[in-house]
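> Okay, sequence plus prediction incoming.
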There are 2 protein chains.
Amino acid sequence: MIQLSKFPFKTMKSTPNGSDNISTGLLLQSGMIRQVMAWVYTYTTLWLQVLKNIENIVREEMNNYDCFETLMPALSPRDAWEKTWRWDSIDVFFHIPVTNDKEYWLNSTHEEIITPLLWEFIQSYKDLPVCAYQIQNKFRNEKRAKSWLLRGREFIMKDAYSFHSSDEEFKEYYEGMKKVYLKIFERLWLGNDIYIAQADGGTFTDKYSHEFQVKLEIGEDLIFLDPLSKECFNKEVTPSMISTPNKSDAILLEREDIYAPWVIGVEALTKTLGVPAHKATKTMMFETNDGKFIVASVRGDYDINTLKLQKIIGCKWLSLAQEEKIKQMTGAEVGYAGIYNLPASWIELYLDDSLVWLTNFETGTNKTWYHSKNVNFWKDILEPKKFYDFKEAKIWDKNPNTWEIYEVFKWCEVGNIFPLETKFSLALGVKYLDENNQEKIPLMGCYGIGISRLMGVIAEYYMDKNGIAWPENIAPAYYYIIVLWEENLQRASSYAKNLEKEGKKVIFDDRMGKKIWFGQKMGDAELLGIKNIVIFSDKTKDTEKWYETKIRGEK
Amino acid sequence: MIQLSKFPFKTMKSTPNGSDNISTGLLLQSGMIRQVMAWVYTYTTLWLQVLKNIENIVREEMNNYDCFETLMPALSPRDAWEKTWRWDSIDVFFHIPVTNDKEYWLNSTHEEIITPLLWEFIQSYKDLPVCAYQIQNKFRNEKRAKSWLLRGREFIMKDAYSFHSSDEEFKEYYEGMKKVYLKIFERLWLGNDIYIAQADGGTFTDKYSHEFQVKLEIGEDLIFLDPLSKECFNKEVTPSMISTPNKSDAILLEREDIYAPWVIGVEALTKTLGVPAHKATKTMMFETNDGKFIVASVRGDYDINTLKLQKIIGCKWLSLAQEEKIKQMTGAEVGYAGIYNLPASWIELYLDDSLVWLTNFETGTNKTWYHSKNVNFWKDILEPKKFYDFKEAKIWDKNPNTWEIYEVFKWCEVGNIFPLETKFSLALGVKYLDENNQEKIPLMGCYGIGISRLMGVIAEYYMDKNGIAWPENIAPAYYYIIVLWEENLQRASSYAKNLEKEGKKVIFDDRMGKKIWFGQKMGDAELLGIKNIVIFSDKTKDTEKWYETKIRGEK
């Protein structure tokens, strides 16, 4: 029972300035949080209660799915991360100098810790599947952290890791985990607006990973929802088809090469040459990890999605080609690249399907200071055998599989699940014995829920102008008891104690004094977002029940 | 309910080699812990349950004393620690590079965080006293970490911080906290062997701090207990009186200055000169923070306790004088310092009361290569007006206040409480308004319990040859249910579910197969340390109750 007469973390009369968003402002006003430094906050008593409520729901559902809770350390030795090549390759992780020759890693994920740990216990296929999880502080040295509740330098995660002996067994487990997640988000009252979005699975798998997204205006992800199939995609992997294909011109004009020095980029080109963006091409040149030189082109009003392109090429990574390399390969300075006049023999050309019906279009001439107008496939360029989809999806685009126009929303990710295949098992050298006593490499999955982010999302999702209208099972308390006049204190107190005995948390507003009147107490109940308000006053003391009840937000 | 047929963290048949101590070995054998690196461990499911049980007891008692739980971050900005001069002065704390010009502190204590946080809410004396606490991971870059459970680089602490408006109010609160702590340790079944030891309060106060110590052979602290007054002292502050004062010789001999080059230290001296240690002096020279040069001497069989000496002198710190300085002040090389032949005028001489009855004794001559024998007070040295007690207490010493011989034990600290006076309030610039609207500086106290260390202490305290005999309210489970033969599974399972509904945790040993027999299941129950063992077997299935019960350790 929180007795407000003794409680230090008091509410403020008005919302402080300078919060990232409205819900953060309300939480600051309610005294539930305070900032220690940018994106790092202290949780005071009531916010901590919300955290515990959410943690317990997550814990119950994970335990029900035979995941076993552990607690791994935040510190780990450098060599664990060198085995998986993550020590140097990821720049958002904190490295801690310990002594001259030693460094620790401040953990933001635990594949490197849980895998060898579990392998002290696992020998054979009979020990699989197995899943361990923890709820714990994580650290990331974010360069740009945004809306603290959604992305911070220190945050609380539930992270789970599972291991499997076959693809079918993994798939079944993974699909089961989706259901566990949906149940968790339903119990957290987000069931009406939670969607599973397909997202990038990383370089080591063809599979998608899956993100659990809540529709939210302050969200940082753009998600494409197919209204027919209900399939959802993170923008980074959204298959897309343009809704406005070009009408081919009846007459194919003669190509013109135009001297247009320093006119670089589609916008400048359309202005100078008077070509609309949808009759221009946007061409970029890349180098791949295996040394290939790639030319890729989309329609001028689109952008290239390098992740999609990379999957099409089948390479580990792509980077924009260096100026030197472009000059060497095409003979032209950067800025005049196009799909016309390419020295075809040693160059791989990829065309996006947004270009399919293009006629009399603009493209770079691959000759310094020149662009070409009225270019046409077959006539000026040998049309490729295949068009691909590597455009960055845009609003009004269609799903090429259903031909439905996507609904596009801002969403906020609250969970994600990943098929990790054998990426970490291989690197960390873990094996099990199968039915025939043969050594096999286990498949792995990982499953995250951003607990502190979830708290922010629920606050944002349930806020109204007076505070956060918490669902009862998440709220910092189940009852808010208002006591007016000291003579009613004793009766109210014993009522409150009975509620606590029944396991219901109570905020007991026993503040007395001239400056604290009924309106302020009701205001605090609403600001703290407690649904069930019980009032002990002179008005009620002679009634049969001794008190009256109100539901937050109802007249 | 932990179902062992699915549980990954299995027990081992024998204790692994190489653990620091027996209980750690048993915990490794039980599968409850695994090492990630030196002094950094992962908690598996059952050890985590023990942690939660202990945390909840601590939490309940802290809440009952109107302390309010919070959760502060592990990361904090450098400038917070510069205000209190702790950034550079403490070398066991981790500093984390963030960007070129920025560093974070990985928190091991939170005075610098909680004080400004609370001061966003506190204005006047009416808001005091106030106390906030948290249960959280702490980090220390220990150079020598010992017996992991007792001192690690990453550990879990309960730390509380209180603020007060008067000395009386603080004192009352502080004494109340002692009772809260005793109650916590009683509930943790350590009540029979918990003692409150007085310890150093730091340079900013004359007061003692207080340590809560459990008598334990693997403990790292030496504690002196007065059997009469029941007062306890940490060795660092133990007042002491020698039990074997010298008998003064009837005849005072003539002083001899002896040429004894390279004979340095009491042991070498007694050998060479044939003087017993208790007729020799041990003299050391110090410099203080305020530039004084100090000569201090104890009887040859004692050591100087610099902390006690420092308090007597009244300086902030002492350090051993540099060779150069000693030569400049006494004219002699290091190693020949003594209390005879000192250039008295500019030197402060402190004599320990172990020297009081010494006659015909040895001391350095303050002349390179010379020692003096048969030195006597009054005759050779002007006897000082006062003898002090700055000897390091030893076994058989007496408490000078009661003349009782101390009982000396090894103990393990599990909690400590500190009067911080205005040390941090001043440095952090926090104030409150008193009854007369005058600005005042609040007094502060801090209160720690090493939760993870406590887990290790309880394990060590309650271990027997078969495992850890956990007290029921701390144990990883309340019941261990053994099921023999599959036909008994269903009945046992519904019995277990009923127990869990009543809030009692159950380990359900439903492992079947030829290799898992009754003895092994009983062995695991004992290793895991569960008191209440319930057996469902063919022998019991026709009895009225369907099962039989055993108490761990009873025949």
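Nice, I can see it. Numbers count the residues shown, from 1 in each chain, chains lettered A, B, ... in the order given.

> In chain A, mark out all the helices, start to finish.
A:22-29, A:45-64, A:78-82, A:86-89, A:111-118, A:167-187, A:266-273, A:306-313, A:323-330, A:423-428, A:451-462, A:489-501, A:518-528 (DSSP state H).

> Of the ones you listed, which stretch is the most buried?
Burial of the helices of chain A is given as mean neighbour count (mean count of other Cβ atoms under 10 Å in any protein chain shown); helix A:451-462 ranks first at a mean of 24. Bear in mind the C-beta positions are built from the backbone N, C-alpha and C, glycine included.

> That one: how far from the chain's middle?
How far helix A:451-462 lies from its chain's middle: 13 Å, per Cα atoms, centre = their mean, to the nearest Å.

> Can you name the residues bridging to A:Cys412?
For A:Cys412, the residues forming beta bridges with it (DSSP bridges) are A:Val214.

> Just want the residue of the stretch 151-300 of chain A that's nearest chain B.
Residue nearest to chain B within the stretch 151-300 of chain A (Cβ to the nearest Cβ): A:Glu154, separated by 5.1 Å.

> Now do the same contact list for that residue.
Contact analysis of A:Glu154 by Cβ atoms under 8 Å, 6 or more residues apart in numbering or on different chains lists A:39-40, A:137-139, B:73-75.

> Quick one, which of the helices of chain A gets closest to B:Gly450.
Of all the helices of chain A, helix A:45-64 sits nearest to B:Gly450, with 20.9 Å by Cβ to Cβ.

> Tell me which other helices or strands that closest one touches.
Other elements packing on helix A:45-64 under the criterion 3 or more Cβ pairs under 8 Å, 6 or more residues apart in numbering or on different chains; DSSP states H and E are strand A:68-69, strand A:130-139, strand A:154-164, helix A:167-187, helix A:451-462, strand B:68-69.

> So which of those is nearest B:Glu333?
With Cβ to Cβ, the closest approach to B:Glu333 among those belongs to strand A:130-139: 53.3 Å.

> Pick out the residue nearest the middle of chain A.
To find the centre residue of chain A, average its C-alpha atoms and take the closest one (Cα atoms, centre = their mean): that gives A:Glu413, at 3.6 Å.

> tell me the contacts of that residue?
The neighbours of A:Glu413, taking Cβ under 8 Å, 6+ apart as the test, are A:211-213, A:219, A:221, A:450, A:453.

> which residues of the stretch 301-450 of chain A score low on pLDDT?
Regions of the stretch 301-450 of chain A meeting the criterion pLDDT under 70 cover residues A:345.

> Give me every residue in it lying close to chain B.
When proximity is defined as Cβ under 8 Å from any Cβ of the partner chain, the stretch 301-450 of chain A does not approach chain B at any residue.

> hmm, back to that, now, which of the contacts of A:Glu413 sits nearest B:Tyr462?
The shortest distance between B:Tyr462 and any of the contacts of A:Glu413, using Cβ to Cβ, involves A:Gly450 and amounts to 38.5 Å.

> Can you name the residues that contact that closest one?
Residues in contact with A:Gly450 (Cβ under 8 Å, 6+ apart) are A:155-157, A:413-415.

> Show me which pair in those is furthest apart.
Farthest-apart pair in the contacts of A:Gly450 is A:Ile156 and A:Glu413; separation 15.0 Å (Cβ to Cβ).

> wait, A:Ile54 sits on A:Leu188?
Yes - under the criterion of Cβ atoms under 8 Å, A:Ile54 lies in contact with A:Leu188, with a separation of 6.5 Å.

> Give the residues shared as contacts by these two.
Overlap of the contact sets of A:Ile54 and A:Leu188 (by Cβ under 8 Å, 6+ apart) consists of A:454, A:458, A:474.

> count of neighbours near A:Met1?
The criterion is other Cβ atoms under 10 Å in any protein chain shown. On that basis, A:Met1 has 16 neighbouring residues.

> With A:Ser166 instead?
Using other Cβ under 10 Å, A:Ser166 has 15 neighbouring residues.

> Can you name the residues that contact it?
Contact criterion Cβ under 8 Å, 6+ apart gives A:Leu443 as the residues in contact with A:Ser166.

> how does it look with 10 Å?
A:125, A:128-129, A:172, A:434, A:440, A:442-443 (Cβ atoms under 10 Å, 6 or more residues apart in numbering or on different chains).

> Buried subset of the residues you listed, written for PyMOL?
Filtering the contacts of A:Ser166 down to the buried ones (16 or more other Cβ atoms under 10 Å in any protein chain shown) takes a single PyMOL command:
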select buried, chain A and resi 125+128+129+440+442+443
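
> Out of the contacts of A:Ser166, name the ones that lie in strands.
Within the contacts of A:Ser166, membership in strands is found for A:440, A:443, as judged by DSSP state E.

> of all the contacts of A:Ser166, which comes closest to A:Asn488?
Among those, A:Pro129 lies closest to A:Asn488 (Cβ to Cβ), at 57.7 Å.

> I figured that closest one was touching A:Gly445, is that so?
Yes - the pair formed by A:Pro129 and A:Gly445 meets the contact definition of Cβ atoms under 10 Å, at 9.2 Å.

> Are there residues contacting both of those two? Which ones?
A shared contact of A:Pro129 and A:Gly445, defined by Cβ under 10 Å, 6+ apart, is any residue touching both; here these are A:162-164, A:170, A:173.

> Keep these, but drop any that are not near chain B.
A:Phe163 (Cβ under 10 Å from any Cβ of the partner chain).

> export the shared contacts of A:Pro129 and A:Gly445 to a markdown table and tack on pLDDT?
Conversion of the shared contacts of A:Pro129 and A:Gly445 to a markdown table gives the following (pLDDT from 0 to 100):
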| residue | pLDDT |
| --- | --- |
| A:Ser162 | 98 |
| A:Phe163 | 98 |
| A:His164 | 98 |
| A:Phe170 | 97 |
| A:Tyr173 | 98 |
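
> roughly how far apart are the residue in the stretch 51-200 of chain A positioned nearest to chain B and A:Trp411?
For the stretch 51-200 of chain A, the residue closest to chain B is A:Leu71, as judged by Cβ to the nearest Cβ, at 4.1 Å. Remark: distance between A:Leu71 and A:Trp411 (Cβ to Cβ, to the nearest Å) = 31 Å.
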